[in-house]
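Q: Provide a 3D model corresponding to the input given below.
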Amino acid sequence: MKLGDSQEEDVDPARAEFDASFFERSILVQRLKLSTLPKAVKTHFEQVGEVLIADVLRRPSGKSLGTAIVEYAEPKAAKEALEKLQGTKLEEANIYLLPNKRGLERDPKPSKVVYLEHLPRTMTDGDLRHLGQKFGKVLDAQKVLGKDGKTIRAGFIKFSSNTEATKAVKMLDERMLHGFVISAQLH
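A: Residues are numbered from 1 along each chain as shown. You can find the predicted model right below:
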């Protein structure tokens, strides 16, 4: 599966064992022009080190999401890119860089609850439950609503064990879901 492909349908729990050094060697690039091609991204980021992969994330239709992932040969280059290339211009767009933290445990305490952000507005409690069932037994799933009763594009999934919750975070954090790059963390 290409990086630009939608990955929400068939998340493989076996991928949770993915080589963690990938995350240390890669960064996310946001606020790209929709016309920016991977070659331009690679050229820009080669300023600080050898780029193994530069790929623009795309919707299933092929339309750019304005986000790319850059994988360096060395973790040092990824760190240097975050420091030196933050806010630089790439094809007249001021880019925003993030470390690729997907799969890295942010909260070492055991938790059965996963907090998700940047969800599609159309996502229902049932959709959240269905998403969570790919990783284990779901005890509860709820969207977070604002004072006006509308979704704030966030939600919680409570699992029957912290192992299931941790697996869900590793597989869902910074993944594409219906055209949105979502964030997942233990709560």
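Q: so Phe22, which of the three states?
A: helix (DSSP: H, G, I helix; E, B strand; the rest coil).
Q: Just give the number of residues close to it.
A: 16 (other C-beta atoms under 10 Å). C-betas here are computed from N, CA, C, even on glycine.
Q: Is Ala168 in contact with Phe135, as I believe?
A: Yes: the criterion here is C-beta atoms under 8 Å, and Ala168 meets it with Phe135 at 4.1 Å.
Q: hey, where'd the strands end up in the protein?
A: Under the criterion DSSP state E, strands of the chain are mapped to 26-30, 51-58, 64-72, 89-90, 93-94, 96-99, 113-117, 138-145, 151-159, 176-177, 180-181, 183-186.
Q: These: which one's closest to Ala81?
A: strand 26-30 (5.7 Å; C-beta to C-beta).
Q: Work out the sheet partners of that closest one and label each with its direction, please.
A: Strand 26-30 pairs in its sheet with strand 64-72 (antiparallel), strand 96-99 (antiparallel), by DSSP bridges.
Q: quick one: buried residues of stretch 135-151?
A: Neighbour-count burial for stretch 135-151 flags Phe135, Gly136, Val138, Ala141, Lys143, Thr151 (criterion: 16 or more other C-beta atoms under 10 Å).
Q: Let me have those residues in TSV, adding pLDDT and distance to Gln30 as columns.
A: Shown next, in TSV, are these (pLDDT from 0 to 100; distance: C-beta to C-beta, whole Å):
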residue	pLDDT	distance to Gln30
Phe135	94	26
Gly136	94	31
Val138	94	30
Ala141	92	28
Lys143	88	24
Thr151	76	22
